[in-house]
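Q: Here is the input, now give the coordinates:
(one chain, ligands or ions: 4)
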Amino acid sequence: MVCTIGPACCSMEDLEKLAMGGMNVARLNMCHNTREWHLDVIRKIKQLNHEKLFCISVMIDTEGSQIHVVDHGEPNSVKVEEDSIWLFTAIKFEGSRPFTVKANYAGFSEGIEVGDELVIDGGMASFEVIEKVGNDLRCKCTDPGVFLPRAKLSFRRNGILVERNHGLPTLSKKDWDDIEFGIAEGVDFIAMSFVCDADSVRHLKKYVSGKSSRSIKVLAKIENLESLQKLEEIVEASDGIMVARGDLGVDIPLEQIPTVQEIIIHVCRQLNKPVIVASQLLESMVEYPTPTRAEVADVSEAVRQYADALMLSGESAIGPFGQKAVSVLQMASSRMELWSREENRQSALCGQRQLGESLHDRIAEQICNCAVDMANNLGVDAIFVYTKHGHMASLLSRNRPNPPIFAFTNDDSTRMALNLQWGVIPVLVNLSDDMETNIAKTIDLIKMKGMVKYGDAVLVISDLTPAHVTSTAFQSIQVRTIV
Ligand SMILES: Nc1ncnc2c1ncn2[C@@H]1O[C@H](COP(=O)(O)OP(=O)(O)O)[C@@H](O)[C@H]1O
Ligand SMILES: C=C(OP(=O)(O)O)C(=O)O
Ligand SMILES: [K+]
Ligand SMILES: [Mg+2]
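A: Ligands and ions are numbered 1, 2, ... in the order given. All right, here's what the predicted structure looks like:
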């Protein structure tokens, strides 16, 4: 569970309550608030991890370059009446002018012609462009609605999105500053907004790995048409994906979102990358203490499609019922997972694409596939895996086993990255070259935490090859009974 942190949940007490409720990742949306505010939240989370032994990862989400409203004359929302005439401009003006909307970018109207349709937030209101004066657009409202602050602007011609290479980079100067800040503060994930190709992802990954001694994972947000057209290569290049349905719904018709979501998740399963489903999962809970039935169905559907993680936005950032929203996610997803087990639905995941090329990698993959089969058939109570970079743990998670996967690692950044992987409980321990010592030590540890007990069976998978051994002979599956 990923929670966006905002003014409604940024106190130490509130963050701790979200952590107690099961938040795995705290997301900071760099579109909002100040550097100091973000710094304060990151420090608080690190303090909770340190003092109260939580394991909450920190994600920053870049602002990216997008055309949106910066001023529509009111602090909150503005009603737009049918046939009303509005001027869209990028020119700065003093005070407020009725029926005037300021866009954030001078080139917002480039390539736009009279007769085109201007769509607000993917359908909150629509206009027809009736006159172009320099870079300004005079528009008549054809579909009444509301303007929210920072409303997004898109254009359609004959009902089809006008694709425009507006020349803005995926990462702006501000984004690079935010990334620099994130690296300095030791964040675990950078979610990149408005990705258009795999190169930009590879570039950021390379940059980050050159700058930081700990590994920071780069997630690509799929939220525009370009990223959908290059889906496979973007998934391949990134460390994980976010289905950012908010902005995606601006670029593609809403009725396509469910199938597109299914496709994105499927590609992520095939390529073994963690995937987050985001935006409006429990939107009504921004205001109300219970979700709609439709929202619960949406959460369940994302779990049924094998998403790894679910994200809250306004529900936790600004809503008064953030903790309740987390527990709704928890309950709805547990119920769907239980049903999937009863129906043996994970068997549908057999025969996923082989990923490994070297013999060592193919063996690791086969071991994990077989191990999950064994774990389910034997009904063991837990799976233990020892992992340096988290690869074995992800290969197990990919098969959605019935028992929980305890992933032991001595690398803190691996532990934090594994937080995004379905069904994995990452644990930081000192691992030695002697597997028997590792097994004994971790069994004791998990027994002490009360997560396995006397008589339980544990499936133990090892891929840690001692430094002096070069063969693959140390990869093994064992079943241990807790004594
Ligand atoms: N750090 C923050 N400070 C203030 N408000 C925030 C913050 N993060 C999120 N919000 C609020 O929560 C809403 C939902 O968050 P999110 O979905 O991340 O942003 P957006 O709506 O801009 O895409 C935002 O519109 C904003 O009002
Ligand atoms: C998660 C999303 O991105 P942001 O909240 O940054 O717009 C989205 O568009 O759904
Ligand atoms: K963002
Ligand atoms: Mg977005």
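
Q: Give me the below-cutoff pLDDT ranges for the protein.
A: 165, 464-474 (pLDDT under 70).

Q: Spell out which parts of it neighbour ligand 4.
A: By Cβ under 5 Å from the ion, the part of the chain that sits against ligand 4 consists of 223, 244, 246, 247. Every residue, glycine included, has its C-beta placed from N, CA and C.

Q: Show me which pair in those residues is furthest apart.
A: The distance between the two most remote of the residues of the chain next to ligand 4 (Cβ to Cβ) is 7.2 Å, for 223 and 246.

Q: Looking at these two, which has the bigger crowd around it?
A: Taking neighbours as other Cβ atoms under 10 Å, residue 223 and residue 246 compare with residue 223 leading, 26 against 17.

Q: Contacts only, for the more buried one.
A: When contacts are counted by Cβ atoms under 8 Å, 6 or more residues apart in numbering, residue 223 touches 193, 194, 195, 242, 244, 245, 246, 247, 248, 251.

Q: filter those residues down to the ones near ligand 3?
A: Okay, of the contacts of residue 223 touching ligand 3 (Cβ under 5 Å from the ion), that's residue 193.

Q: Strands of the stretch 201-350 of the chain, start to end?
A: Under the criterion DSSP state E, counting those that start in this stretch, strands of the stretch 201-350 of the chain are mapped to 217-222, 240-244, 275-278, 309-312.

Q: So which of the residues of the chain next to ligand 4 reach ligand 1?
A: Restricting the residues of the chain next to ligand 4 to those near ligand 1 by Cβ under 6 Å from any ligand atom leaves residue 246.

Q: Let me know the closest of the residues of the chain next to ligand 4 to ligand 1.
A: Set against ligand 1, the nearest of the residues of the chain next to ligand 4 by Cβ to the nearest ligand atom is residue 246 (5.3 Å).

Q: Return the distance of that closest one relative to residue 109.
A: Between residue 246 and residue 109 the distance is 23 Å, computed by Cβ to Cβ, to the nearest Å.

Q: Now for residue 191, which secondary structure element holds it?
A: strand 189-192 (DSSP states H and E).

Q: Other residues contacting that strand?
A: Contact partners of strand 189-192, identified using Cβ under 8 Å, 6+ apart, comprise 25, 27, 57-62, 64, 170-171, 179, 182, 200-201, 204, 208, 216-221, 238-240, 242, 417, 420.

Q: Just these: which are in helices?
A: The helices, defined by DSSP state H, take in 179, 182, 200, 201, 204, 208, 417 from the contacts of strand 189-192.

Q: For those, which two are the farthest from each other?
A: Farthest apart among these by Cβ to Cβ are 200 and 417. That separation is 20.5 Å.

Q: For the two, indicate the residue with more neighbours.
A: Between residue 200 and residue 417, counted using other Cβ under 10 Å, residue 417 has the larger neighbour count: 27 against 19.

Q: State the distance from the more buried one to residue 424.
A: Look at residue 417 and residue 424: by Cβ to Cβ, they are 10 Å apart.

Q: returning to what we had before: which among the contacts of residue 223 gets closest to ligand 4?
A: Proximity of the contacts of residue 223 to ligand 4 (Cβ to the ion) peaks at residue 247, which lies at 3.6 Å.

Q: so what's that closest one up against?
A: Per Cβ under 8 Å, 6+ apart, neighbours of residue 247: 66, 152, 193, 194, 221, 223, 224.

Q: Give me the phi and psi for the residue lying closest to the fourth one once chain neighbours are set aside.
A: Going back to what we said before, that points to residue 194. Sequence neighbours aside, residue 64 is the residue nearest to residue 194 in space, at 4.1 Å (criterion: Cβ to Cβ, 6 or more residues apart in numbering). Note on residue 64: backbone dihedrals following degrees, to the nearest 10 are phi 70, psi 170.

Q: With residue 482 instead?
A: Per degrees, to the nearest 10, the backbone of residue 482 is at phi -70, psi 120.

Q: Who are the contact partners of it?
A: Taking Cβ under 8 Å, 6+ apart, we find residue 482 in contact with 443, 447, 452, 453, 454, 455, 456, 457, 458.

Q: From residue 123, how far out is the closest residue in space to residue 456 that isn't next to it in sequence?
A: In this structure, residue 456 finds its nearest non-sequential neighbour in residue 381, 4.0 Å apart by Cβ to Cβ, 6+ apart. According to Cβ to Cβ, residue 381 and residue 123 sit 49 Å apart.

Q: Check residue 367 too.
A: With Cβ to Cβ as the criterion, residue 367 and residue 123 are 49 Å apart.

Q: Nearest to ligand 3: which residue in the protein?
A: In the chain, no residue comes nearer to ligand 3 than residue 61, which is 4.1 Å away by Cβ to the ion.

Q: Hmm, residue 32 and that residue touching each other?
A: No - the pair residue 61 / residue 32 is not scored as a contact, 9.9 Å apart, by Cβ atoms under 8 Å.

Q: hmm, back to that, the more surrounded of residue 367 and residue 123?
A: The residue with more neighbours, out of residue 367 and residue 123, is residue 367; 21 against 14, by other Cβ under 10 Å.

Q: Secondary structure element holding the more buried one?
A: For residue 367, the host element (DSSP H and E) is helix 359-378.

Q: Pull the residues that contact that helix.
A: With contacts defined as Cβ under 8 Å, 6+ apart, helix 359-378 is touched by 346, 350, 354-356, 380, 383, 391-392, 395-396, 398-403, 457, 459, 461, 463, 472, 475, 477, 479.

Q: Which residues of the chain lie near ligand 1?
A: When proximity is defined as Cβ under 6 Å from any ligand atom, the chain approaches ligand 1 at 4, 6-7, 29, 31-33, 150, 246, 313-314, 317-318.

Q: Among those, which one lies nearest to residue 335?
A: For the residues of the chain next to ligand 1, the nearest to residue 335 is residue 313 (22.6 Å; Cβ to Cβ).

Q: How about the closest one: what's its closest non-neighbour residue?
A: residue 4 (4.8 Å).

Q: Check residue 310 too.
A: Residue 310's closest residue in space is residue 329 (Cβ to Cβ, 6+ apart), at 5.2 Å.
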